[in-house]
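My questions concern the predicted model and sequence given below.
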Amino acid sequence: MIRLNQAEIISDDYLSLVGRNVMLEEARAIEEAANRLGGDLVRAARLIVSCEGRVVVSGLGKSGHIARKVAATLASLGTPAFFLHAAEASHGDLGMVCPGDIGMFISNSGETAEVISLLPYFKRIGASVIGMTGAAASTLAKNSDIFLDTGVEREADPLGLAPTSSTAVQMAVGDAIAGIATRLQDLKPEDFAVFHPGGSLGRRLLLRVSDLMGSGDALPVTRLGDKVRDALFEITSKGYGATVVVDESGALRGIFTDGDLRRLLERRGVCAMDLPVEEGMTRNPRVVSKDRLVSEATRVMERLEISVLVVVEGDVPIGMVHLHEILKAGVS
């Protein structure tokens with residue numbers, strides 16, 4: 001209780017300063033690492049991209065948590081990678097490692113016994129090793145094909161003991177290698193989406209207009225010469241807030257929206273309901289192909305401040321997509 005009371009009297013301003021100092025100290029450590037590691041990062045990334053097997057990322061303790069994240073990042077970018085628990089490896093999990101794999105070992109001291117014990121096996125099967133450590137004279141550094149110096153001057157926590165700056169640098173170095181590998185592999189957003197089919201990311205990158213558009217009987221259609229009241233029925237019954245207007249051949253000639261209706265009523269009064277729809281329709285409406293990404297269609301709607309797009313094949317409307325459907329699908 002005494003400690004709690006002491007903590008209670010520490011000002012928020014002071015605690016805020018402590019937090020900011022931790023982040024700034026980690027940022028400085030990352031900047032220092034970035035200034036000294038450029039060429040080594042490229043070498044590591046080139047080795048990974050040329051790998052015929054998998055990248056086996058291993059570590060223990062806090063470095064193990066970083067290793068797990070690095071493996072996940074590489075895998076998400078199309079590089080086969082998995083996390084190997086350093087302690088479990090020597091109790092049978094080394095059976096997951098194959099010739100042609102690459103080892104990426106992370107240890108701040110470079111002397112973590114469980115990590116070092118993996119080196120002979122990787123050397124025996126001819127697997128290259130990337131060592132990420134803060135000690136250039138360590139066993140890991142000396143026995144790595146590529147040594148990445150992740151050393152820091154001090155840890156960022158107030159005691160200077162907890163892995164903070166060191167793990168921040170390890171994380172940043174792993175991300176940097178993954179970023180370089182992405183460029184080397186010329187990865188495109190659609191390639192990235194293949195590895196993320198679930199969630200909003202996959203939906204944003206993979207969903208096509210054809211997946212969301214209303215077509216067939218769901219498409220509101222009015223013909224040239226039809227009355228405004230007929231167009232209003234289509235707008236109301238189909239729920240898109242608009243109807244396409246086509247000629248006798250089925251070609252698109254315009255769109256009539258609920259906004260067009262309001263403007264026509266303001267100009268002509270109630271008698272507007274008996275006018276032909278072309279009196280109030282918008283000619284040359286904005287259209288989109290069914291094969292376009294929904295994310296692209298969304299950008300068009302936002303830029304033009306409209307809520308609906310007509311989907312066409314040639315000059316024939318085949319569907320309609322509404323912003324509400326896009327948002328409901330989780331694309332923003």
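Looks like it arrived, so ask away.

quick one, strands of this protein?
Along the chain, the stretches classed as strands by DSSP state E are 55-59, 81-85, 102-106, 128-133, 146-149, 221-223, 242-246, 252-257, 282-283, 287-289, 308-313, 316-322.

Check which strands are paired with the fourth one and give the direction for each one.
By that I understand strand 128-133. Sheet pairing of strand 128-133 (DSSP bridges) gives strand 102-106 (parallel), strand 146-149 (parallel).

what does the second one give?
Sheet pairing for strand 81-85, assigned by DSSP bridges, gives strand 55-59 (parallel).

what about residue 302, distance to residue 212?
Remark: distance between residue 302 and residue 212 (CB to CB, to the nearest Å) = 16 Å. Heads up, the C-betas are built off the backbone N, CA and C, glycines and all.

of the two, who's got more company?
residue 212 (20 against 11; other CB atoms under 10 Å).

what residues are up against that one?
By CB atoms under 8 Å, 6 or more residues apart in numbering, the residues touching residue 212 are 294, 321, 325-326, 329.

The same query, at a cut-off of 10 Å, please.
Residue 212 sits next to 290, 294, 297, 311, 319-322, 325-326, 328-329, 331 when contact means CB atoms under 10 Å, 6 or more residues apart in numbering.

about what we covered before: return the most buried member of the strands paired with strand 128-133.
strand 102-106 (a mean of 28; mean count of other CB atoms under 10 Å).

Who are the contact partners of residue 120?
Per CB under 10 Å, 6+ apart, neighbours of residue 120: residue 143.

Dump stretch 56-75 to CSV, keeping only the CA atoms.
C-alpha atoms of stretch 56-75 as CSV (Å, rounded to 0.1, in the frame of the first residue of the first chain):
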residue,chain,number,x,y,z
VAL,A,56,13.4,-20.5,-39.8
VAL,A,57,13.3,-17.7,-37.3
SER,A,58,14.2,-18.6,-33.7
GLY,A,59,14.8,-16.9,-30.4
LEU,A,60,14.1,-17.2,-26.7
GLY,A,61,12.4,-14.9,-24.2
LYS,A,62,11.6,-11.4,-25.5
SER,A,63,13.8,-12.1,-28.6
GLY,A,64,11.6,-15.1,-29.1
HIS,A,65,8.5,-13.0,-29.3
ILE,A,66,10.2,-10.7,-31.8
ALA,A,67,11.3,-13.8,-33.8
ARG,A,68,7.7,-15.0,-33.9
LYS,A,69,6.6,-11.6,-35.3
VAL,A,70,9.4,-11.5,-37.9
ALA,A,71,8.4,-14.9,-39.2
ALA,A,72,4.8,-13.9,-39.4
THR,A,73,5.7,-10.7,-41.3
LEU,A,74,7.9,-12.6,-43.8
ALA,A,75,5.1,-15.2,-44.4
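
CSV for the contacts of residue 212, including distance to residue 153?
Shown next, in CSV, are the contacts of residue 212 (distance: CB to CB, whole Å):
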residue, distance to residue 153
290, 57
294, 48
297, 51
311, 59
319, 61
320, 61
321, 55
322, 57
325, 54
326, 50
328, 51
329, 49
331, 45
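
of those residues, buried ones?
290, 294, 297, 311, 319-322, 325-326, 331 (16 or more other CB atoms under 10 Å).

Domain parsing of the chain, as residue ranges.
2-187, 209-328 (automatic domain parsing).

Would you convert those into JSON lines that also reports mean pLDDT?
Putting the domains of the chain into JSON lines (pLDDT from 0 to 100) gives the following:
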{"stretch": "domain 2-187", "mean pLDDT": "91"}
{"stretch": "domain 209-328", "mean pLDDT": "90"}
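
Wait, residue 34 touches residue 176, no?
Yes: assessed by CB atoms under 10 Å, residue 34 is found in contact with residue 176 at 7.6 Å.

show me what contacts residue 187?
77-79, 181, 195.

out of those, which are buried?
By 16+ other CB under 10 Å, those give 77-79, 181 as buried.

Report how far apart the opening and closing residues of stretch 156-167 are.
With CA to CA, to the nearest Å as the measure, the ends of stretch 156-167 fall 10 Å from one another.

buried residues in that stretch?
156-157, 163-167.

Thought residue 97 was touching residue 123, still the case?
No: Residue 123 is beyond contact range of residue 97, at 11.9 Å (criterion: CB under 10 Å).

Mind listing the shared neighbours of these two?
Joint contacts of residue 123 and residue 97 (CB under 10 Å, 6+ apart) are residue 103.

and the nearest residue to residue 171 once chain neighbours are set aside, what is it in contact with?
Distances taken as CB to CB, 6 or more residues apart in numbering place residue 66 nearest to residue 171, at 5.4 Å, with adjacent residues excluded. Contact partners of residue 66, counting by CB under 10 Å, 6+ apart, are 57, 59, 106, 108, 132, 150, 163, 166-174.
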